[in-house]
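# Sequence first, predicted model second:
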Amino acid sequence: MSIKEHHQGPAKHTEGIDLENCSKKRKAVVCIACKTILFLFGSLVYLNPEITKRPLERSSEDVDIIFTRLKEVKAFEKFHPNLLHQICLCGYYENLEKGITLFRQGDIGTNWYAVLAGSLDVKVSETSSHQDAVTICTLGIGTAFGESILDNTPRHATIVTRESSELLRIEQKDFKALWEKYRQYMAGLLAPPYGTPLIEPHVPLRPANTITKVPSEKILRAGKILRNAILSRAPHMIRDRKYHLKTYRQCCVGTELVDWMMQQTPCVHSRTQAVGMWQVLLEDGVLNHVDQEHHFQDKYLFYRFLDDEHEDAPLPTEEEKKECDEELQDTMLLLSQMGPDAHMRMILRKPPGQRTVDDLEIIYEELLHIKALSHLSTTVKRELAGVLIFESHAKGGTVVLGEKGSCGERWAGGVVCTLHEGDDFGKLALVNDAPRAASIVLREDNCHFLRVDKEDFNRILRDVEANTVRLKEHDQDVLVLEKVPAGNRASNQGNSQPQQKYTVMSGTPEKILEHFLETIRLEPALNEATDSVLNDFVMMHCVFMPNTQLCPALMAQYPFPSQGTEQEKMDYALNNKRRVIRLVLQWAAMYGDLLQEDDVAMAFLEEFYVSVSDDARMIAALKEQLPELEKIVKQISEDAKAPQKKHKVLLQQFNTGDERTQKRQPIRGSDEVLFKVYCIDHTYTTIRVPVSASVKEVISAVADKLGSGEGLIIVKMSSGGEKVVLKPNDVSVFTTLTINGRLFACPREQFDALTPLPEQEGPTVGTVGTFELMSSKDLAYQMTIYDWELFNCVHELELIYHTFGRHNFKKTTANLDLFLRRFNEIQFWVVTEICLCSQLSKRVQLLKKFIKIAAHCKEYKNLNSFFAIVMGLSNVAVSRLALTWEKLPSKFKKFYAEFESLMDPSRNHRAYRLTVAKLEPPLIPFMPLLIKDMTFTHEGNKTFIDNLVNFEKMRMITNTARTVRYYRSQPFNPDAAQANKNHQDVRSYVRQLNVIDNQRTLSQMSHRLEPRRP
C-alpha cells in the first residue's frame, strides 16, 4: 500500500492486530515522515524520508542515503554491499507500537522483516489456541525473521512487538527475487533451514578448550608472511632444537617469537599484546606447539609453523621475500586487531584454577561491557571472571542448549538463534530447575559463548547473599551493604585473614549519607582512599539527594549530642564534626563555581562556616580544617558577589568576542546569550536570556519582543528541514542545536509551513585555497589547542546531567554540548571541503592533507578530532569517490587503513580502548564513546530498586566519569616549536569552520563530482 493510501486511514495501532492478515494492515503503520529516528552510538541519526518513497520513485541519491543509514544498523552489518543496495531499492520502513501481532503461528507469510529498533516476542503454542502461547525468546536489534516465505510453509511462531519497534519489511516477491540472485550471500545470514542446514538433531557440545584446525585464508597468508620474514631477517630462529635428548625439527622458541614481533612494528606495545598476536596463528593451526598445547606462552617452549610440518619445506624465493616486505606491516596490523580477542579466548580456555590475577582482571574488564551482565554488581562480575568457560561452535545448525523440556545445566551468553551479541539465555531454567522452553540452535557459523555451570552459578548467588548485610527500620530495608576484600595489601601484611570492608549497594539517601560519615577515615595516610569513596557520593548525590535535601541533612549531622558525659560529648563531637567538614570540603571542591548558581548551597556554606568558626574556638583540633574551608567559602562568595563576574554575555557563536587574546572560560547557566529566534517569514528577533533558560522562558522572551506570545511554540530546524517541537521544560536548548540548526518561533498551526533559512545550506565554495597553504602539523596543533580548551571547560557534573536528562536538574550542559558539536563540525568540515573541490587532483591532495592532519592529531593525543577526521573520510559522500581514492598513493591508503582499524566498533570498540589505555594524560578522548558508556550503564540499571537508591549504579557511572578527570590530570604543554610560531591565521581558521551538515546535499554534490558508473 502506498504512503498516500496509508494516510487515508488513521495512523493508530490496535492492541493485538494481526498485520499480515488484516486487509487494512497499512493503516496500522505510523506515518514514516513523522517518526523516523534511530538511536545509533548514543546520538540521534535521522532517516530522511527517502525510504518512504515507492521503490520505483527513489533516485540514486535516495538509495545512497538509505544505504548509508542501513549499513550502520546492526541488522545489516554482515550483508554484502550489493545485496544491501538491492534492499535499499525494495525495502519498506515500519514503525509499530507495543502489542502489535505481525503474524500468528500457522499463518502463511507474505513478508520478511529485520529489526532496526525495539524488540519482539516469539511465542509458540502446543495447541491450536493462541491463548496458551509461551514466549520462548525475544528478537532484538540486528535480528531478522520470516524466511518461511521462500517456500510458503506456515509460520512456526507468533511474533508480537514487545515495545515500540522499527522494522524493515521486504515483500515476498522481492525477497524471493533477492534469494534467487544473491543466494550465496544470503545463505549464511538466514536461520535454518534456509541457511546452513541442520545436520544432526543432537550434536554433543564441543569441549571448551578445542581450537579449530581449519585456518582462514587471511590467517594462512599471515602465517606465511611471518615465516618468510623470519627466514629472511632472522633465519637462525627456525632450526632443529634438542630438549631432553629429543630433537624437535624446524622450531621456534616462544620468547624469541615475542622478542622478534616487538622489534618489527611500533603497533606492538607490550609482550602481552605480542602473545595475543601469536595466539591468533596458533588458534587457526598456522602455528602449532610441538606437544599440541593450545596456549601460546612467552616461555622457552617450541612452536612450529604449519609449512614446516612437512619434510624439506622450501625456503622463500626472492619474489616471496619482496612480497613479504611489502605485506609485513599490513599483516602485523591485522594480527594486532585480532590479538586481543585471541588472548581473551586463551585465558577463558584455561581451567579456572589456573587463571592468574592478571587473567582475572582482563576477564573482568571484558564483562563490564557485556549487556546481559550490566545489572550485576561488581562483586558478582569478579566472581564470574573466575568461573566463566569459553565455548565455541564452528557450524551453524548445531544444537547448543538441551532439548525442549530438559532441565538447565548451565547458563550462557552470546550470539545464538535469534538472540544477538550480548544477550543471555538459560537463566530461568537454571535458577528454578525448570524445563527448557525451547532448544537453542546456532543460526550462523563460528559462534562464541561464555558459559557458567550450574554449581558455580548457584554458589555465586549463595556467596553474594551470605556477604550481604541489610539494615532495617520498621521491617523495611534502609541500607544494603556488601562485604568485599579491602584491597589494601599493605594493611593485610602480617594478618592470616585478609581484611574486609563493606560497600554500599543500595539504601535511602539519608542512610547512605550517614554510612559515609560514619566510615570516613580521618588518618592522613588514608586520605586518598577516603576521597575516592566520598567522590562517588559527592558526584552522584544530585541524582537522588539534591542540595535542598543534602544541606539540611549535613547541618543535622553537625550539632553536639545531647546525651552522655561531657567528655563523651566532646569526643563524639570532634570526630563527627571533622567528618562532616571533610565531606563538605570535597563537595565544595567538586561543585566549585557551580555553587554560585545555587542559593540553597550558598546559604548553607555561609551558615556552616560560621558554625565551624565558632566551634574552632572551643575545639582546637577543628582549627586544622578551618583555613581550607575559609578559603573555599570566601572564594565562592566573593566571586558570586563581584558584579563583573556574575555572568558573561555570549554571542550566538557562544563566545564573548574577545577570545583572540583571552583563554576560553566555561559557560555557566547564569551567563546570558544574545540569540536570534526566527519567524515563519525568516525575519528574526534577538533575545537575551540565560544559557540555562527553559523553552517556556524563551517563549516569554520572544513574546515580549513580538508583543504577543499566545499559542507560540519553539522549533529546532536543521539544515535538511527536519523539525522538532521543543517541550516547555526543555533547557539548554541553544547549545543542543545542530551545526547549522536554527530556532524558530511560530503558532502551532504554522508548524508545517516552516522552511530552513538559505544560510543554513552552508558554503558554496570551499576553502582549499586558504588551508592548503597551511602546514598540516600547524592545523592539527591549533585544532588540539582549541579542542583542549573546549574539553577543559566541560564540568564532570555535566556528564551526569546529560546522562540522566538535563531537564531533571534544570541545569545547563552547554560546555559538553559544544564539545560534542565540535566533533560533528570537524567531521562535516572534511566532507564539505572534499565535495566542494571539483578538480580531481586537488581532491587527491585534500585526502592526503586530511590523513596527515589526522596523524598529527593522534600524535598530539587529540583522539576526538582524530576520529572526527577519519569518520569524515569514511562518510559515503567521500568513500564513494572511487576515482579520487584510486589516485591516492599506497602509503596514505595504509595510513588510512590503520586509522580505520582504531574505529572498529567490534567487542565494544576494544581497539580504541586498548589504544587509550596505553596513553598517559593529557589527552582528549573520543567523547561520543564515553557518553555511550555512561548511557549504557544508566539504561541497563535501575536508579531505584525497591524504593532504595541503587548506589552500585552510581559507582559504575562515576568510574566512567572519573576518566575525564584522569585525562585532564596533567596540563596540556604546548609544543615548544609550535608555541613560538605566530599562526593567528591558522588559529582563526580552525575556530570558524564553515560546513554543510546536510547529508543529502553532500551526497548530491558527490554524485555530480563522480557520477555512478554504469
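Perfect, thanks for sending it. Residues are numbered from 1 along each chain as shown.
# Can you pull out the residues in contact with stretch 257-277?
229-230, 234, 237, 278, 296-298, 303, 328-329, 332-333, 335-336, 338-343, 346, 898, 914, 918 (CB atoms under 8 Å, 6 or more residues apart in numbering). In short, each C-beta sits where N, CA and C put it, glycine included.
# Lowest-scoring secondary structure element of this protein by mean pLDDT?
Here the helix or strand of the chain ranked lowest by mean pLDDT, DSSP states H and E is strand 37-40, holding a mean of 30.
# just checking, residue 298 touches residue 253?
No - counting by CB atoms under 8 Å, residue 298 sits too far from residue 253 to count as a contact (10.0 Å).
# Can you list the helices and strands that the helix or strand where residue 575 lies packs against?
Counting by DSSP states H and E, the element that carries residue 575 is helix 566-591. Applying 3 or more CB pairs under 8 Å, 6 or more residues apart in numbering; DSSP states H and E, we find helix 566-591 packed against helix 509-519, helix 527-544, helix 547-557, helix 599-618, helix 626-641, helix 796-804.
# What is the neighbour count of residue 555?
Residue 555 is flanked by 14 other residues according to other CB atoms under 10 Å.
# I meant residue 895, not that one.
If you count neighbours by other CB under 10 Å, residue 895 ends up with 17.
# what distance separates stretch 514-523 from the middle of the whole chain?
Offset of stretch 514-523 from its chain centre (CA atoms, centre = their mean, to the nearest Å): 35 Å.
# swap in stretch 281-290?
Distance, stretch centre to chain centre, for stretch 281-290: 34 Å (CA atoms, centre = their mean).
# Over to stretch 101-116?
Counting by CA atoms, centre = their mean, stretch 101-116 comes out at 32 Å from the chain centroid.
# If you count neighbours, what's buried in it?
Neighbour counts over stretch 101-116 (16 or more other CB atoms under 10 Å) mark 101-105, 107, 109-116 as buried.
# In the residues you listed, find the pair that's most separated.
105 and 116 (24.0 Å; CB to CB).
# Just want the phi and psi numbers for residue 904.
Note on residue 904: its backbone torsions stand at phi -60, psi 120 [degrees, to the nearest 10].
# ok, it - how many residues close by?
Neighbour count for residue 904, taken as other CB under 10 Å: 12.
# right, and it touches residue 911 too?
Yes - between residue 904 and residue 911 there is a contact at 4.8 Å, judged by CB under 8 Å.
# returning to that earlier point: could I have the ChimeraX command that selects the buried members from the contacts of stretch 257-277?
Entered in ChimeraX, the line below selects the buried ones among the contacts of stretch 257-277, by 16+ other CB under 10 Å:
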select :229,230,278,296,297,303,328,332,333,335,336,338,339,340,341,342,343,346,898,914
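# So which of the contacts of stretch 257-277 are in strands?
Judged by DSSP state E, strands contain the following of the contacts of stretch 257-277: residue 303.
# Quick one: distance of whichever strand or helix holds residue 384 to the chain centre.
Remark: residue 384 resides in helix 378-385, with elements defined by DSSP H and E. Between the centre of helix 378-385 and the centre of its chain there are 22 Å (CA atoms, centre = their mean).
# ditto for stretch 842-857
With CA atoms, centre = their mean, you get 27 Å for stretch 842-857.
# Stretch 272-280 too?
Mean C-alpha position of stretch 272-280 versus that of the full chain (CA atoms, centre = their mean) differs by 26 Å.
# Could you pull up the mean pLDDT of that stretch?
The pLDDT scores in stretch 272-280 average 90.
# Likewise for stretch 766-784?
Across stretch 766-784, the average pLDDT comes to 92.
# ranges for the helices of the stretch 301-450 of the chain?
Using DSSP state H, counting those that start in this stretch, the helices of the stretch 301-450 of the chain run over residues 318-349, 357-367, 378-385, 427-432.
# now those as TSV including mean pLDDT?
TSV is the format used below for the helices of the stretch 301-450 of the chain (pLDDT from 0 to 100):
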stretch	mean pLDDT
helix 318-349	86
helix 357-367	83
helix 378-385	82
helix 427-432	56
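# Residue 593: which of the ones you listed is closest?
Of all these, it is helix 378-385 that lies closest to residue 593, at 33.0 Å by CB to CB.
# how about that closest one: buried residues?
Neighbour-count burial for helix 378-385 flags 378, 379, 380, 381, 382, 383, 384, 385 (criterion: 16+ other CB under 10 Å).
# could you pull out the strands for the stretch 701-850 of the chain?
Under the criterion DSSP state E, counting those that start in this stretch, strands of the stretch 701-850 of the chain are mapped to 712-717, 723-725, 742-747.
# Mean pLDDT and mean neighbour count for these - can I get that in CSV?
Compiled in CSV, the strands of the stretch 701-850 of the chain are given as follows (pLDDT from 0 to 100; neighbours: other CB atoms under 10 Å):
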stretch, mean pLDDT, mean neighbour count
strand 712-717, 94, 20
strand 723-725, 94, 14
strand 742-747, 94, 20
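# Of all the ones you listed, which one is nearest residue 688?
Nearest of these to residue 688, taken as CB to CB: strand 742-747 at 14.0 Å.
# The closest one pairs with which strands, and in what direction?
When pairs are called by DSSP bridges, strand 742-747 turns out to pair with strand 672-678 (parallel), strand 712-717 (antiparallel).
# May I see the buried residues of stretch 612-629?
Neighbour-count burial for stretch 612-629, with 16+ other CB under 10 Å as criterion, is recorded at 612, 615, 616, 622, 625, 629.
# hmm, who's touching it?
Applying CB under 8 Å, 6+ apart, the contact partners of stretch 612-629 are 570, 573, 574, 577, 578, 581, 582, 584, 585, 608, 609, 630.
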